[in-house]
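# Got a predicted structure here, sequence first:
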Amino acid sequence: MNVIDENGNTVPNQESKRIIAGVLGLIFGYLGIHKFVLGYTKEGIIQLIATFITCGFAGIIPFIEGIIYLTKSDEEFVEIYQVNHRGWF
């Protein structure tokens, strides 16, 4: 199902991006890779820095995000993370 954003543009189904970002968030999230996949460069760099500053403790945040991505429906995922560009949770 396609979603129409606030500018009237059609956003294609993002199921594969949702799954890739979710799995990367679970496995390599401490590096912020899932953020880069979604196009959130600033958030990815922040995650990477936070992980190094906290000696890995900040890695719990992307693990939780990975679970959230995988449990959202495709429509919810596109609306929240692609149309509205929510960078965290």
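Right, received. Where do you want to start?

# quick one: the helices in this structure?
According to DSSP state H, the chain carries its helices in the segments 15-28, 33-37, 41-53, 60-71, 74-77.

# Using TSV, lay out the ones you listed together with mean neighbour count and mean pLDDT.
For glycine as for every other residue, the C-beta is placed from the backbone atoms N, C-alpha and C. As requested, the helices of the chain are exported to TSV (neighbours: other Cβ atoms under 10 Å; pLDDT from 0 to 100):
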stretch	mean neighbour count	mean pLDDT
helix 15-28	18	91
helix 33-37	21	94
helix 41-53	15	95
helix 60-71	17	95
helix 74-77	17	90
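
# mind giving me TSV with the ones you listed and columns for distance to Trp88?
Conversion of these to TSV gives the following (distance: least, Cβ to Cβ, whole Å):
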stretch	distance to Trp88
helix 15-28	12
helix 33-37	9
helix 41-53	7
helix 60-71	8
helix 74-77	15
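
# Now do the residue nearest to Leu24 when sequence neighbours are not counted against Phe52, distance only.
Beyond its immediate neighbours in the sequence, the residue positioned closest to Leu24 (Cβ to Cβ, 6 or more residues apart in numbering) is His34, lying 4.3 Å away. Distance, His34 to Phe52, using Cβ to Cβ, to the nearest Å: 17 Å.

# ok so, going back, Ala21 is in contact with the residue nearest to Leu24, correct?
Yes - contact status for His34 versus Ala21: in contact at 4.5 Å, counting by Cβ atoms under 8 Å.

# distance between the ends of stretch 21-35?
7 Å (Cα to Cα, to the nearest Å).

# Could you do stretch 35-48 as well?
Start-to-end span of stretch 35-48 (Cα to Cα) is 10 Å.

# What lies in contact with that stretch?
Contacts of stretch 35-48 with the rest of the structure, by Cβ atoms under 8 Å, 6 or more residues apart in numbering, involve 17, 20-21, 24, 29-34, 58, 61-62, 81-82, 85, 87-88.
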